[in-house]
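Novice: Below are the sequence and a predicted model; questions follow.
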Amino acid sequence: MPKDQNVAALNLDDYKYGFKDPDSYVFKSEKGLSRQIVEQISEMKEEPDWMRKFRLKGLEIYESKPVPKWGADLSGLNMDEIYFYVKPSEGEGRTWDEVPEDIKRTFDRLGIPEAEQKSLSGVGAQYESEMVYHRIKDDLAAQGVIFDSIEDGLKKHPDLFKRYFATVIPPHDNKYAALNSAVWSGGSFIYVPPGVEVDIPLQAYFRVNSENLGQFERTLIIADEGSKLHYIEGCTAPTYSTDSFHSGVIEIIVNRGANVRYTTIQNWSNNMYNLVTQRARVEEDARMAWLDGNLGSKITMKYPSCYLMGRGASGEIMSIAYAGPGQHQDAGGKMVHAAPHTTSEIISKSISKGAGRSTYRGLVQVQKGAHNASSNVECDALLLDENARTDTYPYIEIDENDASIGHEATVSKIGDEQLFYLMQRGLADDEARTMVVRGFIEPISKHLPLEYAVELNRLVELEMEGSVG
Amino acid sequence: MTGKKELLVIEDLHAAVEGNEILRGVDLTIHEGELHALMGPNGSGKSTLAKIVAGHPAYAVTKGSIRYRGEDLLGLEVDERARKGLFLAFQYPSEIPGVTIAQFLRHAKSARTGEDISVLDFYDDLKVAMQKLDVDEKFAERFVNDGFSGGEKKRNEILQMAMLKPNLALLDETDSGLDIDALKIVSDGVNTLHREREHLGVLIITHYQRILNYIQPDFVHVMVDGKIVRSGDRELATHLETEGYESMRGQLTAAGS
């Protein structure tokens, strides 16, 4: 079979979440960004003065920083066309019945209430700029677990909020963290008390519905000593001809001996610029694991990171990226070893197809005094055809000579012999390719809860699907 | 052999890879239930023949025909041939990291039978097949050929053959790289399957006579320079052991002059 025919058969542009609902909102800001809009957001959220000032400071920093040139091409992102704040409804539901009917229908179609019943400890749902639903199981609430919208976190737990907010990712960290600091809206506030284990995941779901929308959720997670949490984030949007913009900030504090896992299955439509800063501060003997799945979006720049601040802290980043035609996934991770006996591992797997481009960009840093640190980085790229592209930019900065650092990178293709072998056992061409891809991401997908592993495999299958011959 | 149905009929087969002619007029007929051995020196074209019968896209058939159970095989894709019961045990099986033997075989089995078999039935079958081939149960959960020894790879091929229940099995140098114990196990596997499936036709491709001590062929063919130059019964293999392939080459030249 001619090669190009195989490639055409692997058409991945079948995006099943591309449906859109009529715009529905109670407030929509003017297009573009201004001081007035920032103040408007703060006012509508009835925020304390310190937050209003924080936002304005964020705006100042944002305006002072240039658009980064070192990563993906952001020249197509026109901020003047973006709506920075769209409020879909008044207030947030504690039951799905309290959520406006048309918005509820969207989440029904995405299967969220059903998943909540079956396999989750709690769900938060964001539509446009605001959370429209938040609920946690009663037994967890009774143990003191807080799972609120970020706005409610600020209102209901002002001291806890202020103690940690923007301590892990300050506004000046990067241009888009500054932007988020100015216009943040929605996201989750989570606190897990000492020793409490949330074994079944909490999930937040982010939906962008209207065109040219900017979504800027801000999530703050505090896992207190010896606690345990698994948080899952999913995101989708309709397919429009113009671009939308998502720029979240996720801060996680993993206190002594705590264990946090944060899983993202990002499946934005292919008109989304997705620029997210997510970082965890990991204290003594605590453990942080990021599982980052980037399947959708036009451009993603996202490097989950762990700051290993306490002795014996450990961090793990597993990232899967799929870049189809017109997509650039610039992803990876950062591990900063700031204490002795800290360990880290980064496993990155990328798949590129057509003119799709995937980039691994990662940093491992061992700071002075971080004795006996060990880190292992493995990045593997799979190219599905001749036009696909992958690049690897690993940065390693070591200031102690007793560190043990491993780095391994591979680039592979689906081999003709591999394909012949699988097809000789009766598998059709696309089934055979899908099997190789599934095997390729197995080291990561095995860490997902079953439902999500199935979902990921299904997404991959959908991406690979096509009738051959 | 009257009364037996023709399984594979190869006539005047010529084939080339990248413009080099490798097969130069092969004729071979295998009836149902027959066990054939194809022998020949390195580079004689025996493995190429197996790959062409299986449908490897790198080879171009320039002349001749292959019929399988009366059907023109050359018009079918690799996977279509496989689903019709044609099995090739590879000389160098590919590695598929991240995919377990059980997952792989379940997909293959569904493809072969055209029905979604239940997980329980599948595992029952797999367990029985593994026991017969003296492989550990954990084998099923290992990734296909990933980090396997040569012997494990060959055993995996025979396990797949047992599970997929082909009508025609081509064993491409299955004996190479096997120690004597592994060779016995693999041969037992082939013999057992051949006994259980009396219509199964087998073509054993080998450089050495050794495997034929364990699997008794009905016919032996000798291929030299892309042609079958001698066919006979198993005595031919013994003869080759003492005379070597060089004498055959002489015969080819004589026949061609």
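Specialist: Cool, the structure landed.
Novice: For residue 193, give me its contacts.
Specialist: In the absence of a named chain, chain A is used. A:143-145, A:224, A:227 (Cβ atoms under 8 Å, 6 or more residues apart in numbering or on different chains). For the C-beta atoms, the positions are set from N, CA and C on the backbone; glycine is no exception.
Novice: My question was about chain B, not that one.
Specialist: Contacts here follow Cβ under 8 Å, 6+ apart; on that basis B:L193 touches B:161-162, B:169, B:200.
Novice: quick one: which of the residues you listed is most hemmed in?
Specialist: B:A169 (26 neighbours; other Cβ atoms under 10 Å in any protein chain shown).
Novice: Which helix or strand contains that residue?
Specialist: Secondary structure assignment for B:A169, by DSSP states H and E: strand B:168-172.
Novice: List the strands paired with that strand, with their directions.
Specialist: strand B:86-89 (parallel), strand B:201-206 (parallel) (DSSP bridges).
Novice: Need the phi and psi values for residue 243.
Specialist: I'll assume chain A. The phi/psi pair for A:D243 (degrees, to the nearest 10) reads phi -90, psi 150.
Novice: Neighbours of it, how many?
Specialist: Residues within reach of A:D243, counting by other Cβ under 10 Å, total 20.
Novice: Show me which residues of the stretch 51-200 of chain B are close to chain A?
Specialist: When proximity is defined by Cβ under 8 Å from any Cβ of the partner chain, the stretch 51-200 of chain B lies next to chain A at B:54-58, B:77-79, B:81-83, B:87-88, B:90, B:92-99, B:104, B:107-108, B:111-112, B:143, B:160, B:164.
Novice: Can you say which of those are buried?
Specialist: With burial judged by 16 or more other Cβ atoms under 10 Å in any protein chain shown, the buried subset of these is B:54-56, B:77-79, B:81-83, B:87-88, B:90, B:93-99, B:104, B:107-108, B:111-112, B:143, B:160, B:164.
Novice: Which of the three states applies to the most centrally placed residue in chain A?
Specialist: By Cα atoms, centre = their mean, chain A has its centre lying nearest to A:T264, at 4.5 Å. Assigned with DSSP: H, G, I helix; E, B strand; the rest coil, A:T264 falls in the strand class.
Novice: now it: how far from chain B?
Specialist: Separation of A:T264 from chain B (Cβ to the nearest Cβ, to the nearest Å): 21 Å.
Novice: Repeat that for A:T263.
Specialist: Separation of A:T263 from chain B (Cβ to the nearest Cβ): 19 Å.
Novice: can you map out the helices along the stretch 101-250 of chain B?
Specialist: Here the stretch 101-250 of chain B has its helices, by DSSP state H, counting those that start in this stretch, at B:101-113, B:119-132, B:150-164, B:180-196, B:235-243, B:246-256.
Novice: any idea of the angle the second one forms with helix B:101-113?
Specialist: Put simply, helix B:119-132 runs at 110 degrees to helix B:101-113, going by axes from the mean of the first three to the mean of the last three Cα atoms, to 10 degrees.
Novice: got a list of contacts for helix B:119-132?
Specialist: If you take Cβ under 8 Å, 6+ apart as the criterion, helix B:119-132 is touched by B:102, B:105-106, B:109, B:136-137, B:139-140, B:159, B:162-163, B:188-189, B:192.
Novice: Columns pLDDT on top of those residues, output as JSON lines?
Specialist: Supplementary listing: these in JSON lines, determined by pLDDT from 0 to 100:
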{"residue": "B:A102", "pLDDT": "95"}
{"residue": "B:L105", "pLDDT": "96"}
{"residue": "B:R106", "pLDDT": "94"}
{"residue": "B:K109", "pLDDT": "95"}
{"residue": "B:D136", "pLDDT": "87"}
{"residue": "B:E137", "pLDDT": "88"}
{"residue": "B:F139", "pLDDT": "92"}
{"residue": "B:A140", "pLDDT": "94"}
{"residue": "B:L159", "pLDDT": "95"}
{"residue": "B:A162", "pLDDT": "94"}
{"residue": "B:M163", "pLDDT": "95"}
{"residue": "B:D188", "pLDDT": "90"}
{"residue": "B:G189", "pLDDT": "88"}
{"residue": "B:T192", "pLDDT": "91"}
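Novice: biggest separation within these, which pair?
Specialist: Spanning the widest gap among the contacts of helix B:119-132 are B:R106 and B:D188, at 24.8 Å by Cβ to Cβ.
Novice: Neighbour count: the two, which is higher?
Specialist: B:R106 (21 against 16).
Novice: got the contact list for the more buried one?
Specialist: With contact set as Cβ under 8 Å, 6+ apart, B:R106 has these partners: B:117, B:119, B:122.
Novice: that older thread, give me the beta-bridge partners of the residue nearest to the centre of chain A?
Specialist: A:E233, A:D292.
Novice: What residues does the stretch 351-469 of chain A have near chain B?
Specialist: Residues of the stretch 351-469 of chain A lying near chain B by Cβ under 8 Å from any Cβ: A:415-418, A:420-429, A:431-432, A:435-436, A:438-443, A:469.
Novice: of those, buried ones?
Specialist: Buried among these (16+ other Cβ under 10 Å): A:418, A:420-429, A:431-432, A:435-436, A:438-443.
Novice: ranges for the strands of the stretch 351-469 of chain A?
Specialist: Here the stretch 351-469 of chain A has its strands, by DSSP state E, counting those that start in this stretch, at A:357-366, A:374-383, A:389-398, A:404-413.
Novice: I'd like these as JSON lines, with distance to A:M318 and mean pLDDT appended.
Specialist: Converted to JSON lines, these look like this (distance: least, Cβ to Cβ, whole Å; pLDDT from 0 to 100):
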{"stretch": "strand A:357-366", "distance to A:M318": "12", "mean pLDDT": "96"}
{"stretch": "strand A:374-383", "distance to A:M318": "10", "mean pLDDT": "96"}
{"stretch": "strand A:389-398", "distance to A:M318": "16", "mean pLDDT": "95"}
{"stretch": "strand A:404-413", "distance to A:M318": "15", "mean pLDDT": "94"}
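Novice: and among those, the most buried is which?
Specialist: Sort those by mean neighbour count, taking mean count of other Cβ atoms under 10 Å in any protein chain shown, and strand A:357-366 sits at the top with a mean of 24.
Novice: Tell me the residues on chain A that lie near chain B, please.
Specialist: Counting by Cβ under 8 Å from any Cβ, the positions of chain A adjacent to chain B are A:1, A:415-418, A:420-429, A:431-432, A:435-436, A:438-443, A:469.
Novice: Could you dump the helices of the stretch 101-250 of chain B into JSON lines with distance to A:L220 added?
Specialist: Formatted as JSON lines, these follow (distance: least, Cβ to Cβ, whole Å):
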{"stretch": "helix B:101-113", "distance to A:L220": "40"}
{"stretch": "helix B:119-132", "distance to A:L220": "43"}
{"stretch": "helix B:150-164", "distance to A:L220": "51"}
{"stretch": "helix B:180-196", "distance to A:L220": "60"}
{"stretch": "helix B:235-243", "distance to A:L220": "77"}
{"stretch": "helix B:246-256", "distance to A:L220": "80"}
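Novice: circling back: would you turn the strands of the stretch 351-469 of chain A into TSV with distance to A:V67?
Specialist: Listed next are these as TSV, based on distance: least, Cβ to Cβ, whole Å:
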stretch	distance to A:V67
strand A:357-366	17
strand A:374-383	26
strand A:389-398	19
strand A:404-413	28
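Novice: so where's chain A shaky on pLDDT?
Specialist: A:1-14, A:463-469 (pLDDT under 70).
Novice: which one of the contacts of A:P193 sits closest to chain B?
Specialist: A:S227 (32.7 Å; Cβ to the nearest Cβ).
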